[in-house]
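S.K.: Any chance you could fold what I've pasted below:
(chains A and B)
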Number of protein chains: 2
Amino acid sequence: MMKIAVDAMGGDNAPQAIIEGVEQARDQFDDIEFQLYGNPAKVKPLIKNNDRLTVIETTEEIAMGEEPVRAIRKKKDSSIVRAAKAVKDGEADAFFSAGNTGAVLAAGIFVVGRIKGIDRPGLTSILPITKPGSDRKSFVYLDSGANAESKERNLVQYGYLGKFYAENVLKVENPRVALLNNGAEEDKGDKLHKAVWQDLNNEKDLNFVGNIESGDLLFGKADVVVSDGWTANAALKATEGTAKMMLTLIRHGIMNGGLRAKLGYLFLKSVFHQIGKKMNTSTYGGAVLLGLKAPVVKTHGASDAAAVKNTISQIRTMLTSGVIDKTVEFFSQESLVDKKEENE
Amino acid sequence: MMKIAVDAMGGDNAPQAIIEGVEQARDQFDDIEFQLYGNPAKVKPLIKNNDRLTVIETTEEIAMGEEPVRAIRKKKDSSIVRAAKAVKDGEADAFFSAGNTGAVLAAGIFVVGRIKGIDRPGLTSILPITKPGSDRKSFVYLDSGANAESKERNLVQYGYLGKFYAENVLKVENPRVALLNNGAEEDKGDKLHKAVWQDLNNEKDLNFVGNIESGDLLFGKADVVVSDGWTANAALKATEGTAKMMLTLIRHGIMNGGLRAKLGYLFLKSVFHQIGKKMNTSTYGGAVLLGLKAPVVKTHGASDAAAVKNTISQIRTMLTSGVIDKTVEFFSQESLVDKKEENE
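M.R.: Next up is the predicted model:
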C-alpha cells in the first residue's frame, strides 16, 4: 500500500478540488492511502467516504504570495511543512500540493531532502508534443524554474534526472536528451551552454541529440529537454502565454464575426476542444521536483479535481516504477561522484 | 532625397523579392533613392523601371550559414559589406538587408559604427500587441538576440534606445518601458535583473513600469520591453514557435475533421486570416540594430516583396523622424556619460 501525503489547503480551489480529486484517485486505485494535511473543520465536511483517507490536523496555512523559505521556517504546523515532514519521517512515500510553488520547493529541498550527489533539484514539467502524427505525446522539461542561476554540473545532472524519469515514468526507450540553446548548431550559446553541450555529448550513458531551440519545443525533437532554470522558465511562460493568446484571438474573432463565424465555431468545436486539451499542460500531470529522496509533486494552483486525480496517478507511477531508487543508485556510483567533483 | 543602400543579394527570395519590394517602395515614396548592391547580371534583368534606382556592382556574396565576423572581414566586396560601407562613407543614409543576420549585425557594428556612449547595440524587433481591443498595435523589443551575454549598463541603454524608437517611429507618447523578468514583482530575477530593475527605476527620463513576464509579451502591458539578448531570444522564438504550432494544429484539425470541419473553416476563414496576419511579425517591419550611427535594418530571410516594402517604409520613418540624431544627442550628454562610466 502506497501512502501519499496531501496538502489539502493549497491551491485556488482548495480544499474542495483537492478532496474531490483525491477521492477520485482513491476510487480508481486500490493500492494508495492518503493523508490529508489541513484544517479538519474545512476538510472533513467535504469528504464523501473515509476509506483509505486520514485527515491530519494542521493549524497554519502558507498563502500563495508568501516568501517561501521564510514561510516554511516560520510555519512549522502548516499543511505544506507537515506533509513534507511525513515523507521525511517515513510516514508517507510522496508529497502532493497545489499550493505556493516556492514553499513546496523549499519544503522539498529542506525537509524531504536531496539525493546524495545532486546539487540542485530541478523542477520538471511534463509538456505536450503537439506535432500532428507524433507517436510520442509528451516530453520531460527541466529545470523549468526552481533555480534562477544554474551551473554546468547542474545541467548535466538534469540530463540524467530527465532520462530516468522518461524511461521509468513515461516508458520511453533510450530517451533522446537535448539542450535548450539559442541555435541548433554545436557551437551555439553563451559560455555555459557551450560547455554543457560538450559535457552532455561526452556522457556515454546519455542519448544526447544536440541543441534544441525554444521555438521547436512542442515539435517532438527530444524526450528530455535540459535547460538552466532561467531560460526554461522564460521559454515555457512564452509558450503558455502565446497558446492562451491564440485561443483568446480565436474566441474574440468568433464572438465578433457575426452569425457566419458562430456557425463556423459550431462546426469546428471539436477541433478547438482537442487543441485546447492538447495545449493544457495540466493534462500531463504536475511538476515534479526531481533530485529529491521521494516524489514531491506540485500541480497548478488553478487545478480542478481532474488535474488533481491525474497528478496522483503520475505520483503512483513514480512510486511503482522505482524511478527514485534507480536515480539514487546511479548517483551513488563512486566513479560518477568523483568525476563530478573533479569538474567543480 | 533620402538614400537607402540595399543588399540586393540577401534573403531566400533574393534578388527577386528585394527588387520587387524596392520598386513598390520607390513608387509609393517620392523622396527615396535606392542603391542596389549586387551582381548586375542577376539584378538588372529584374528591374522594371530605373527611376531613382542605381545598381552598384559587387562580386561576392555572404551565404546564410557563413560565420559572420569572418565573412565580413574576408568578403570586402560582398553586397553586405559594400552597402554598409556606403553608409559609413556618407553615400547612403541607411542600410537594408534580408541576408545573413550575423553578418548584417557585424557589418553594422564594425562598418557603420556605434553611437558614442553605446557599448552594445541591441537588435530590436517590432512585435504585435494582439490583445483584442488594445489601441496600440505593436511594441519595441530589445535586445532580441544580438548579444548572448549582456551587462547591466547595456540593458539600461536599451531602455533609452527603445524609448526613442517608440516615441519617434511608432509615435507613442511617453512610452511605458518594462523589464523582461521571471516574475512581476520588484524583487524577482537573478542578480543581473534585480540590479537592472533598480537602475531603470532610478532613471528619471524613463517611464519605467516594472517587470513583465514572457507569457505577457503580446498583451500590451508595455511599449518597450528591455531584456538581455539571451532571454529575449528564447522568449521570442518560443512565442513564434507556439503561434506556428497552433496554426498547424488548426490546419491539421480541419484537414482531418471531414466535411463538417471544412465547412467550419469556410465560415471562419477571415478570422484565421486576421490572426495569421496579426501574429506574422514581418507585418510590423524588420529588426533594427539600434545604437548605430544610421538605420541598419534586417528583414526576415523569407521576406516577400510586401515585407521588403514595409521595411523600407519603416526605414523612411526612422530617417524622417530624426530618431538617431535624438539618440546621439542624448548619449552625448556629459552627465550621462560620466554616470555610465562610474557604474562600470
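
S.K.: Run through chain A and note the low-pLDDT ranges.
M.R.: Within chain A, the ranges that satisfy pLDDT under 70 run A:334-344.

S.K.: where along it do the helices fall?
M.R.: Per DSSP state H, chain A carries helices over the ranges A:16-28, A:40-43, A:68-74, A:79-88, A:101-107, A:152-168, A:191-202, A:229-255, A:258-279, A:305-321, A:323-332, A:334-343.

S.K.: Kindly calculate the angle that the longest one makes with helix A:152-168.
M.R.: Relative orientation of helix A:229-255 and helix A:152-168, computed by axes from the mean of the first three to the mean of the last three CA atoms, to 10 degrees: 60 degrees.

S.K.: What residues of helix A:229-255 count as buried?
M.R.: For helix A:229-255, burial by neighbour count (16 or more other CB atoms under 10 Å in any protein chain shown) applies to A:229-246, A:249-250, A:252-254. The way it works is simple: take the backbone N, C-alpha and C, and place the C-beta from them, glycine included.

S.K.: Quick one: closest of the helices of chain A to residue A:133.
M.R.: The closest of the helices of chain A to residue A:133 is helix A:258-279. By CB to CB, the value is 13.0 Å.

S.K.: for the most centrally placed residue in chain A, which residues make a bridge with it?
M.R.: Against the mean C-alpha coordinate of chain A, by CA atoms, centre = their mean, the closest residue is residue A:287 at 1.2 Å. Counting by DSSP bridges, residue A:287 forms beta bridges with residue A:298.

S.K.: Does residue A:328 touch residue A:114 like I think?
M.R.: No. Residue A:328 lies out of contact with residue A:114 (CB atoms under 8 Å); the separation is 10.5 Å.

S.K.: list residues touching both of these two?
M.R.: Counting by CB atoms under 8 Å, 6 or more residues apart in numbering or on different chains, the shared contacts of residue A:328 and residue A:114 are residue A:293.

S.K.: Chain neighbours aside, what residue packs nearest to residue A:237?
M.R.: If the residues on either side of it in the chain are set aside, residue A:237 comes closest to residue B:215, at 3.8 Å by CB to CB, 6 or more residues apart in numbering or on different chains.

S.K.: For the residue nearest to residue A:11 when sequence neighbours are not counted, grab phi and psi.
M.R.: In space, and not counting its chain neighbours, residue A:11 is closest to residue A:98: 3.0 Å by CB to CB, 6+ apart. Per-residue torsions, residue A:98: phi -110, psi 20 (degrees, to the nearest 10).

S.K.: In contact with residue A:98, which residues are there?
M.R.: By CB under 8 Å, 6+ apart, the neighbours of residue A:98 are A:7, A:10-14, A:17-18, A:298-301, A:303, A:308.

S.K.: Just the buried residues of these.
M.R.: Buried members of the contacts of residue A:98, counted by 16+ other CB under 10 Å: A:7, A:10-11, A:13-14, A:17-18, A:298-301, A:303, A:308.

S.K.: okay, how far is it across stretch A:127-146, tip to tip?
M.R.: This stretch, stretch A:127-146, spans 16 Å end to end (CA to CA, to the nearest Å).

S.K.: For residue A:129, which residues are in contact?
M.R.: Contacts for residue A:129 (CB under 8 Å, 6+ apart) come out as A:136-139, A:218-220.

S.K.: How about residue A:76?
M.R.: When contacts are counted by CB under 8 Å, 6+ apart, residue A:76 touches residue A:60.

S.K.: I figured residue A:140 was touching residue A:160, is that so?
M.R.: No. Taking contacts as CB under 8 Å, residue A:140 lies outside contact range of residue A:160: 11.5 Å.

S.K.: Neighbour count: the two, which is higher?
M.R.: Neighbour totals were compared for residue A:140 and residue A:160, and residue A:140 leads with 30 against 24 (other CB atoms under 10 Å in any protein chain shown).

S.K.: So which bits of the stretch 51-200 of chain A are right by chain B?
M.R.: Taking CB under 8 Å from any CB of the partner chain as the criterion, the stretch 51-200 of chain A approaches chain B at residues A:130-132, A:145, A:148-149, A:180, A:182, A:189-191.

S.K.: go with 10 Å
M.R.: Selection of the stretch 51-200 of chain A residues close to chain B by CB under 10 Å from any CB of the partner chain yields A:65, A:67, A:128, A:130-133, A:145, A:147-150, A:180-183, A:185, A:187-194.

S.K.: before we move on, the earlier item: roughly how far does the residue nearest to residue A:237 sit from residue A:243?
M.R.: 9 Å (CB to CB, to the nearest Å).

S.K.: got any residues that touch both of these two?
M.R.: The contact sets of residue B:215 and residue A:243 overlap at residue B:239 (CB atoms under 10 Å, 6 or more residues apart in numbering or on different chains).

S.K.: got the contact list for the closest residue to residue A:22 other than its chain neighbours?
M.R.: Spatially, and ignoring its direct neighbours in sequence, residue A:22 is nearest to residue A:34 (5.3 Å; CB to CB, 6+ apart). Residue A:34 makes contact with A:2-6, A:8, A:19, A:22-23, A:25-26, A:51-55, A:92, A:96, A:312 under the criterion CB under 10 Å, 6+ apart.

S.K.: just residue A:228 next, same as before
M.R.: Contacts of residue A:228 (CB under 10 Å, 6+ apart): A:122, A:143, A:147-152, A:154-155, A:158, A:179-180, A:192-193, A:196, B:190, B:230.

S.K.: just to revisit the earlier point, between residue A:140 and residue A:160, which contacts overlap?
M.R.: Shared contacts of residue A:140 and residue A:160 (CB under 10 Å, 6+ apart): A:177, A:224, A:226, A:290.

S.K.: could you redo these as TSV and give each row distance to residue B:46?
M.R.: Formatted as TSV, these follow (distance: CB to CB, whole Å):
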residue	distance to residue B:46
A:177	47
A:224	48
A:226	47
A:290	57
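
S.K.: domains of chain A?
M.R.: Residue ranges for the domains of chain A, per automatic domain parsing: A:1-118+A:291-333, A:123-284.

S.K.: and the first one, how far apart are its ends?
M.R.: Terminal residues of domain A:1-118+A:291-333 are spaced 30 Å apart (CA to CA).

S.K.: before we move on, what about stretch A:117-128?
M.R.: Across stretch A:117-128, the terminal residues are separated by 30 Å (CA to CA).

S.K.: on that earlier part again, buried ones among the contacts of residue A:228?
M.R.: Using 16+ other CB under 10 Å, the buried members of these are A:122, A:143, A:147-148, A:150-152, A:154-155, A:158, A:179-180, A:192-193, A:196, B:190, B:230.

S.K.: re earlier: so which of the domains of chain A is nearest residue B:164?
M.R.: domain A:123-284 (25.8 Å).

S.K.: start to end distance for that closest one?
M.R.: 15 Å.

S.K.: Pull the contacting residues for residue A:42.
M.R.: Applying CB under 10 Å, 6+ apart, the residues near residue A:42 are A:8-9, A:14-16, A:19, A:55, A:61.

S.K.: quick check, nearest of those to residue B:281?
M.R.: For the contacts of residue A:42, the nearest to residue B:281 is residue A:14 (40.4 Å; CB to CB).

S.K.: So that closest one sits against residue A:303, correct?
M.R.: Yes. Shown here, residue A:14 and residue A:303 form a contact pair, counting by CB atoms under 10 Å, at 9.1 Å.

S.K.: What's the local residue count around residue A:137?
M.R.: Applying other CB under 10 Å, we find 14 residues neighbouring residue A:137.

S.K.: Residue A:223 versus the spatially closest residue to it that is not a sequence neighbour, what's the distance?
M.R.: Closest residue in space to residue A:137, ignoring its immediate chain neighbours: residue A:129 at 5.9 Å, by CB to CB, 6+ apart. Distance check for residue A:129 against residue A:223: by CB to CB, it reads 9 Å.

S.K.: overlap in contacts of those two?
M.R.: A:136, A:138-139.

S.K.: Let me have those residues in TSV, extended by neighbour count.
M.R.: Listed next are the shared contacts of residue A:129 and residue A:223 as TSV, based on neighbours: other CB atoms under 10 Å in any protein chain shown:
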residue	neighbour count
A:136	16
A:138	21
A:139	28
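
S.K.: Quick one: residues contacting residue A:177.
M.R.: A:140, A:158-160, A:162-163, A:166, A:200, A:203, A:206-210, A:212, A:222-226.
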